[in-house]
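Colleague: Got a sequence here, can you build the structure:
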Amino acid sequence: MERHQVTLRMTPASLVEALRRALALKPANEGQVTAQRELVTSLESALEARRQRIVISQAGVNWVKWTGLLVQAACTLVAIAMIHSDNRPTALLALWLFATGVAICLLLIASHNRPFTGQISVRPEALRQVMPVER
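Modeller: Numbering: from 1, shown residues only. Okay, the predicted model is just below:
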């Protein structure tokens, strides 16, 4: 599956054209000036939402964070085991509870590692609202 690489330098032609046309309008009265200002603001918001989406999509959780989390989890599991070593049922319960917490934490981090892919993902609703409808 080919993956398209999008950069901040690439700007959608339709949004640029819409912004150019909005700025080219010559308002005749105060109401049109306000409408033009709102139109330009909305288009700039759409471009900014696109920029933010690109920045977020290129971010990720690096190996240092994963390693730090796993080392912290291992140290805590060892500490729990040492504290509860004289009472085996309590120690097993404490280890199981903490290991479950670590697993949930790892799952959450992994699911948000790539925020625009998979079941748990951010959708481009703000951009779809200003996207032109082709007829």
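Colleague: and the residue of the chain most remote from its centre, what is it in contact with?
Modeller: Relative to the centre of the chain, the most outlying C-alpha is that of D86, 45.4 Å out, by CA atoms, centre = their mean. With contacts taken as CB atoms under 8 Å, 6 or more residues apart in numbering, D86 has no neighbouring residues. To be clear about C-beta, it is placed using only N, CA and C from the backbone, and glycine gets the same treatment.
Colleague: Now name the helix or strand holding R114.
Modeller: According to DSSP states H and E, R114 maps onto no helix or strand at all.
Colleague: where in the chain is pLDDT low?
Modeller: Low-confidence segments of the chain, defined by pLDDT under 70: 1-9, 112, 115-122, 126-127, 130-135.
Colleague: ranges for the helices of this protein?
Modeller: Secondary structure of the chain (DSSP state H): helices located at 13-24, 30-57, 63-83, 88-111, 125-130.
Colleague: so the longest one versus helix 13-24, what angle?
Modeller: I take that to be helix 30-57. Angle, helix 30-57 to helix 13-24, by axes from the mean of the first three to the mean of the last three CA atoms, to 10 degrees: 150 degrees.
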